[in-house]
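Asks: I would like the atomic coordinates for the input below:
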Amino acid sequence: MASPGLQSHFDDANPEVQGPLPQLDDIKVDYHPNSQIPSTIHHFADFSRTRPTEASVPRNHAPWEPFRTRLDFEVAEIALEAALTAEQTNRLLSLVHRSARRDETFTLRNHDEVRELWSTASQRFTPFQVDIVSVPYQNKVHEFDMHYRPLWDWALDMLRDRCLAPHFVFDAQRLYKFNGTRFVRFIDEPWTADAFWDAQSRLPPEAKPLAFILYADKAKLSSFGAQKAYPIVCRIANLPVEIRNGTGIGGGRIVGWLPIVSEDSEHAGKSSFVNFKNAVWHESFLKLLESVIQISRTGYWFECGDAIRCLLWPLILILSADYEEQCIMALIHGLKGKFPCPICLVPRDEQSVLSHELRLRTSAESEETLRLARAKKSKKEREKLLKTYSLPLSFDRMHVYHGGLWRHHLWRELQFWILELGREAVAQMDANYDALPRWSNLTHFSKVVGVDFNDSSHHEDISKMAIFAAQRILRRSQSKLGYLLLRCIRHYIDLDIYAGFEVHTEDSIVAGRQALRDFSALMDPVTGKDWNFPKKHASSHLFDDILAKGATRNYNTKPNEKMHGPMRDIYHNRTNFKDVATQILRYDHWLLTLTSMRSELDELDEYNRNANLPTTEDADAENPVISVAPAPCTHVKLGSAQGDVSFASLEQSHADDRAFVGFRIKLNGFLNTFFPTNDIPLPDGKRIHLQADNKITEYKYLQVNYESMVDWRQCKDLLRCNPEFFGSPRYDCVMVQTDNQPFFARLIFMFGCSIGETNLSLALIHLYDVGIGVRNKHDADLGLWRVRAKPRSSPEFISVRSIIRGAALASDPGRQGDYFVIDTIDADMFLRVKSLQVA
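Replies: Residues are numbered from 1 along each chain as shown. The predicted model follows:
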């Protein structure tokens, strides 16, 4: 439940508007009062998050230094990226010397010199340092190495970068979009949410929040987990998510390497040893924060890369971690505590109830609890009191949902009920997954039951397709509890999709909370399972966190855990497996240096190219395999041209396909209607009569650009209409716009033709628009949107410009010719199908 403080910010979602009446989709920006920037209203097409910058000279005219030449740097760059050994590097340098061009000098001699130059170049950024952390235990002081970059110094490295400077946002904002009646508030980035606004309200008027996002988690380096790492990754919340969650200079960076206390069989499991490990963790983490603690009391004047001086005030806005790390950060007992949630004071036996309003933990409350505990006379009394309090953290979608609630609970339950029905049901489940259409950014599975997937991304994809694969297996008549579980999974998927929205509005917050209530209402009866555990309860904080900190991708652990893979690669390819922290962090520091130098070099090349070669590259030159049709519109692009073919040859080659019967005659009829309807003059004012020897151009690829209903950005679908796409036929489906309700169809044939002076991009489609009638209970229970195919002998022509976007359809094994729209492929399709269901 939203607290009154959070909800009150949404009460201002319809501010008084002065001046000209707003237009549909206009964006209103209210800046924090301390910024002294007046509110602004922008037309949607004109709204931009990036500050305009004047054209300037490159940051560095010799960005390859301290390497003596550009060629030296680029060869060393390849050697570093490929993690070449000393012997391999020396061989590479020898080859380059033998083949170097006369107009460019190559001076590198050996691997040792390359290492020395990288060490020199890396001085542009704050290096890692090592401090000793001393913690007493069992009458002995134990010492550990803590590797870290002073956090404030690392932040200043980012702030002085001229390329990043225009992207920093230091003033809190409230954003609204006009829906035709009122301005509706929306939230995405941290500075558009409430915590950032509230933080700026507590600072001196001239101060600007500099907000950090910190993540920590253990990672296995060796194959069997004997060697582990414990990195701390930092991101700056003032940068846009595309930069902040990216791999460039402004993306997440390792800023610390926590020591790992070796397990002691004599003391393992003892509360004193657990407390000792927690003390090591916090003493080490404190080393990282020391550089910002004093500054957080006074602020810090600094001239950023855009030459603007700011009074910066650091704060830790977000802590991102899985449940185990959150318990350590919050100093609570975790699963065994009386109040196991790191965020609120939910009793241990009430975690499955999501309707309660619960008191949040606060730092002030925790400090008072610690003071009271220290006043207790006995250790037992102190322990009893300390089991109750902690600090607030952030909802972690990946571990709570994909790697937690789904993987370890819902998916296990679903497999249990499938296995209960026997081998035939298992085989059918796998076959149904394999039969689902392939889609961009979704893993295709041929076997799922009984397979142990470790990647949470795989579990996310499995969950998206579960309803469509299982709906004909777990029927209500065959498995009442299994069917109830499917209904529960449907609500879970809805909730997960809402949780993943990149932009949230007032309406989506309301819809998301309703999805949470629907999910919770079905959970407890399912199979009699005990759902009383933290990852079930964590959902109760989901939408409060969105209101406070923005979209979940701001604090999801997924971007941080993606860094574990490159770290393992460094361990295997660039260390001698001894003192690995020093070696890995040195290499990581050099990669940061390389990224910065490459960015400056690309900037210099672009500057020189614009100065000396004022030409524009073909936008599609990067993909020579797909040729683009002439004169495409910006909404759609046909590609992969197959050459010209006559109508006679086309109809003959597809003689066995009923869809092509009378192709030319039907096209004539379509064109003679299409031209007048779209105010296109008929050639010479006469009806169109295409002849058998007239030719058209076949295309096998279609790019459709569309505006997402979630974040209003342009997205694209890459669609195929190809009888041999990597050895298999692939004919993708589309959503087509009409004057009334959109319909779904499958591409049969795409082509371009010229009629007089008019160039047309057309498609022959198989329609799935037969009336279904009243939606049955099975479809409604499982959130399924059914479509029914017309006979293939009744295809229609459309202009590809009428295609809204691509679609994926799953066949219903129980009824031939019926399909379900897979609304879970992405959040945009989810909302589009929702709008059809309420129409």
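Asks: to the chain's geometric centre, what's the distance from stretch 267-275?
Replies: 38 Å (C-alpha atoms, centre = their mean, to the nearest Å).
Asks: From the opening residue of that stretch to its closing one, how far?
Replies: From its first residue to its last, stretch 267-275 covers 11 Å (C-alpha to C-alpha, to the nearest Å).
Asks: which residues in the stretch 51-200 of the chain form strands?
Replies: 129-137, 140-148, 173-178, 183-187 (DSSP state E, counting those that start in this stretch).
Asks: okay, those in TSV with mean neighbour count next?
Replies: Every C-beta, even on glycine, is put in place using the N, C-alpha and C of the backbone. Listed next are the strands of the stretch 51-200 of the chain as TSV, based on neighbours: other C-beta atoms under 10 Å:
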stretch	mean neighbour count
strand 129-137	14
strand 140-148	15
strand 173-178	22
strand 183-187	22
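Asks: For Asp349, the count of nearby residues, please.
Replies: By other C-beta atoms under 10 Å, 9 other residues sit near Asp349.
Asks: no no, Lys277
Replies: 19.
Asks: wait, doesn't it sit right on Ser262?
Replies: No. Lys277 is beyond contact range of Ser262, at 9.9 Å (criterion: C-beta atoms under 8 Å).
Asks: Make TSV out of the strands of the stretch 51-200 of the chain and add mean pLDDT and distance to Phe726.
Replies: TSV is the format used below for these (pLDDT from 0 to 100; distance: least, C-beta to C-beta, whole Å):
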stretch	mean pLDDT	distance to Phe726
strand 129-137	96	51
strand 140-148	96	46
strand 173-178	97	41
strand 183-187	97	40
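Asks: of all those strands, which lies closest to Arg309?
Replies: strand 173-178 (21.3 Å; C-beta to C-beta).
Asks: what would the strands of the stretch 51-200 of the chain look like in CSV with distance to Thr89?
Replies: What follows is the strands of the stretch 51-200 of the chain, written out as CSV (distance: least, C-beta to C-beta, whole Å):
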stretch, distance to Thr89
strand 129-137, 27
strand 140-148, 26
strand 173-178, 49
strand 183-187, 49
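Asks: who's in contact with the closest residue to Phe47 other than its chain neighbours?
Replies: Setting aside the residues directly before and after it, Phe47 is nearest to Ile27 in space (C-beta to C-beta, 6 or more residues apart in numbering), at 4.4 Å. Neighbour list for Ile27: 41-44, 47, 175-178 [criterion: C-beta atoms under 8 Å, 6 or more residues apart in numbering].
Asks: Now do the SS call for the closest residue to Ala165 other than its chain neighbours.
Replies: If you skip the residues right next to it in sequence, Ala165 has Gly305 as its closest partner in space, 3.4 Å away by C-beta to C-beta, 6+ apart. Under DSSP: H, G, I helix; E, B strand; the rest coil, the three-state class of Gly305 is coil.
Asks: quick revisit: list the beta-bridge partners for the residue nearest to Phe47.
Replies: His42, Lys177 (DSSP bridges).
Asks: now it: how far from Ala810?
Replies: Counting by C-beta to C-beta, to the nearest Å, the gap from Ile27 to Ala810 is 37 Å.
Asks: cool, and Asn776?
Replies: Distance of Asn776 to Ala810, computed by C-beta to C-beta: 17 Å.
Asks: and stretch 158-173, how far apart are its ends?
Replies: 22 Å.
Asks: Give me the buried stretch members for it, please.
Replies: Neighbour-count burial for stretch 158-173, counted by 16 or more other C-beta atoms under 10 Å, picks out 158-159, 161-165, 167-173.
Asks: Tell me how many other residues surround Pro795.
Replies: 24.
Asks: List the contacts of it.
Replies: Counting by C-beta under 8 Å, 6+ apart, Pro795 has contacts 659, 748, 764-767.
Asks: Save those residues as CSV, and put in pLDDT and secondary structure too.
Replies: Shown next, in CSV, are these (pLDDT from 0 to 100; DSSP: H, G, I helix; E, B strand; the rest coil):
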residue, pLDDT, secondary structure
Ala659, 97, helix
Ile748, 98, strand
Leu764, 98, strand
Ile765, 98, strand
His766, 98, strand
Leu767, 97, strand
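Asks: which one of these has the most neighbours?
Replies: Result: Ile765 is most packed of these (other C-beta under 10 Å), 27 neighbours.
Asks: where do the strands sit along the stretch 201-350 of the chain?
Replies: 207-216, 219-220, 228-229, 231-236, 253-257, 300-303, 309-320.
Asks: Rebuild these as a markdown table, extending it with mean neighbour count.
Replies: Output for those, formatted as a markdown table (neighbours: other C-beta under 10 Å):
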| stretch | mean neighbour count |
| --- | --- |
| strand 207-216 | 24 |
| strand 219-220 | 16 |
| strand 228-229 | 17 |
| strand 231-236 | 24 |
| strand 253-257 | 24 |
| strand 300-303 | 14 |
| strand 309-320 | 20 |
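Asks: can you redo these as TSV with distance to Pro190?
Replies: Formatted as TSV, those follow (distance: least, C-beta to C-beta, whole Å):
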stretch	distance to Pro190
strand 207-216	6
strand 219-220	25
strand 228-229	27
strand 231-236	10
strand 253-257	18
strand 300-303	20
strand 309-320	6
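Asks: before we move on, back to that, am I right that the residue nearest to Ala165 is in contact with Arg162?
Replies: Yes. Counting by C-beta under 8 Å, Gly305 does reach Arg162; the two are 4.1 Å apart.
Asks: what's His589 in contact with, if anything?
Replies: Contacts of His589 (C-beta under 8 Å, 6+ apart): 122, 125, 127-128.
Asks: Closest to His689 out of the residues you listed?
Replies: Using C-beta to C-beta, the contacts of His589 come closest to His689 at Phe125, 71.1 Å.
Asks: The closest one reaches Thr593, doesn't it?
Replies: Yes. Between Phe125 and Thr593 there is a contact under C-beta under 8 Å: 6.4 Å.
Asks: before we move on, the earlier item: looking at the strands of the stretch 51-200 of the chain, spot the one closest to Phe285.
Replies: The nearest among the strands of the stretch 51-200 of the chain, by C-beta to C-beta, is strand 140-148 at 8.6 Å.
Asks: before we move on, back to that, can you pick out the ones from the buried residues of stretch 158-173 that are in helices?
Replies: 158-159 (DSSP state H).
Asks: in stretch 569-579, what's buried?
Replies: 570-571, 574-575.
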